[in-house]
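Undergrad: sequence first, predicted coordinates after that:
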Amino acid sequence: MRVSFDLDEVLFVAPETHKTEPAPVFPLNRIFKERLRLGTPDVINSLQALGYEVWVYTSSFRSERYIKSLFRCYGVRFDGIVNAARHLKEVQKDNRETLPQKLPNRYRISLHIDDETVICSLGSQYGFKTYQLDAQDDDWKEKIIARAETIKKVEFPDDPA
């Protein structure tokens, strides 16, 4: 089963409003200005240890290389990355109708974590499940894993894991 995370305001947060992971060591802290929500490496690695594929699905145009490099500083490797450029190329393509900026089900993602109410509300219309995460929450890891486990039991009832 695949779980995806948005970047801005979900994994990348402001230290003024959220608890954050320590910045990467010099000189990497000069290259990677974003700060990770406290617990980000732990929740991603925990989900992967439980057998989930973990992806990034962002509407930003940050390159895949940049995202991989930044998270490598924290010992995190994603199973897939969809940025705005990939989404436009593979999802929006030549559609005359403007599609939402994220359609996780097009990548067989079972759960998408986002901060935007509009993205989360489109889930039922377009057939994907979401978890809305925005404010500081010390229990976010446990809540996301519980949500993933609930979805897994419904979508994959015969999975022994």
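TA: Perfect, I can see it now.
Undergrad: in the longest helix seen in the chain, which residues are buried?
TA: As assigned by DSSP state H, the longest helix anywhere in the chain is helix 140-155. By 16 or more other Cβ atoms under 10 Å, the buried positions in helix 140-155 come out as Trp140, Lys141, Ile144, Ile145, Arg147, Ala148, Ile151, Lys152. In this view, the C-beta of every residue, glycine as well, is placed from N, C-alpha and C.
Undergrad: quickly name whichever of the residues you listed is closest to Asp42.
TA: Lys141 (6.2 Å; Cβ to Cβ).
Undergrad: ok, now which ones touch the closest one?
TA: Listed by Cβ atoms under 8 Å, 6 or more residues apart in numbering, the contact set of Lys141 reads Gly39, Asp42, Val43, Ser46.
Undergrad: now the residues you listed: which count as buried?
TA: Applying 16+ other Cβ under 10 Å to these flags Gly39, Val43, Ser46 as buried.
Undergrad: next structured bit after the host helix or strand of Ala85?
TA: Applying DSSP states H and E as the criterion places Ala85 in helix 84-87. Per DSSP H and E, helix 84-87 leads on to strand 111-114 as the next helix or strand towards the C-terminus.
Undergrad: where in this protein is pLDDT low?
TA: Low-confidence segments of the chain (pLDDT under 70): 159-161.
Undergrad: check contacts around Ile81.
TA: Trp55, Val56, Glu64, Ile67, Lys68.
Undergrad: pull the longest helix of the chain out as CSV, backbone CA atoms only.
TA: Output of helix 140-155 as CSV, limited to C-alpha atoms (Å, rounded to 0.1, in the frame of the first residue of the first chain):
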residue,chain,number,x,y,z
TRP,A,140,0.7,13.0,14.4
LYS,A,141,2.8,9.9,13.7
GLU,A,142,0.5,7.6,15.6
LYS,A,143,-2.6,9.1,14.0
ILE,A,144,-1.2,8.7,10.4
ILE,A,145,-0.1,5.1,11.1
ALA,A,146,-3.5,4.3,12.6
ARG,A,147,-5.3,5.8,9.5
ALA,A,148,-3.0,3.9,7.2
GLU,A,149,-3.7,0.6,9.0
THR,A,150,-7.4,1.2,8.9
ILE,A,151,-7.3,1.8,5.1
LYS,A,152,-5.1,-1.2,4.7
LYS,A,153,-7.5,-3.5,6.5
VAL,A,154,-10.4,-2.3,4.2
GLU,A,155,-8.5,-2.3,0.9
